[in-house]
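J.: Kindly return the folded structure for what I paste below:
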Amino acid sequence: MIQCPNCKHQELPGALFCSECGTQLVTADTLTSPLANQPVEPLEFDEQESSPAVFPAQGPVVPVKNVVISLHIVNTDRTMHLTGRSEYSLGRIARGQPILPDFDLSEFDAYNQGVSRLHAAIKVQPLRILIMDLGSANGTRVNGQKLVPNVEYPLKNGDLIALGKLKIEFQTSTD
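T.: Model (predicted):
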């Protein structure tokens, strides 16, 4: 386990940022070794600490039929439009990766920002739009609230999504 130097939270080996306070855990001068050579410690959870506030996938009931969905990368002039599908994966591409994300965030310094190869998924349903963390190493947050992996959460216009440290504004508009 890696201990955060700022808040002392325990993280799994390989984490780049603390999932609690966001402090960078790995620096350029940190040496790494293969995970296979490291003993695996069992995870221990404190009931109060391990259950972040869960807001169930009951988001606002708005017909999604004529809605234009966009993801604006904060601090850039880039906006990605989601059209034509009901599910989109977000992540970064790495050499030899067998499954690729629908939206490659590599050009936004995704590796150094703590974005996993397959980090999160956005699902478009008839009456709502959902986001789900795909078990990423550095977590996904919506408006500062950490998501529980593999649980769907509703999104609304203006929500700020953080994939690791990469911030994306979720935007919707009507045709």
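
J.: residues in contact with I122?
T.: I69, L71, L82, E87, Y88, L90, I129, L130, I131, L155 (Cβ atoms under 8 Å, 6 or more residues apart in numbering). Just so you know, the C-beta spots here come from the backbone N, C-alpha and C atoms, and that holds for glycine as well.

J.: all helices for this protein, in order.
T.: With DSSP state H, the ranges of helices along the chain come out as 110-113.

J.: quick one, domains of it?
T.: 1-51, 67-174 (automatic domain parsing).

J.: T174 pairs with what?
T.: V67 (DSSP bridges).

J.: Number of residues surrounding it?
T.: The number of residues packed near T174 is 9, by other Cβ atoms under 10 Å.

J.: That one and P101, how far apart?
T.: 27 Å (Cβ to Cβ, to the nearest Å).

J.: cool, and L71?
T.: 12 Å.

J.: so what sits against both of the two?
T.: L90.

J.: Which one of the two is surrounded by more residues?
T.: Set side by side, L71 and P101 show more neighbours around P101, with 23 against 19, by other Cβ under 10 Å.

J.: count of neighbours near the closest residue to I168 other than its chain neighbours?
T.: Closest residue to I168 apart from its sequence neighbours, by Cβ to Cβ, 6 or more residues apart in numbering: I161 at 4.5 Å. Residues near I161, counting by other Cβ under 10 Å, number 21.
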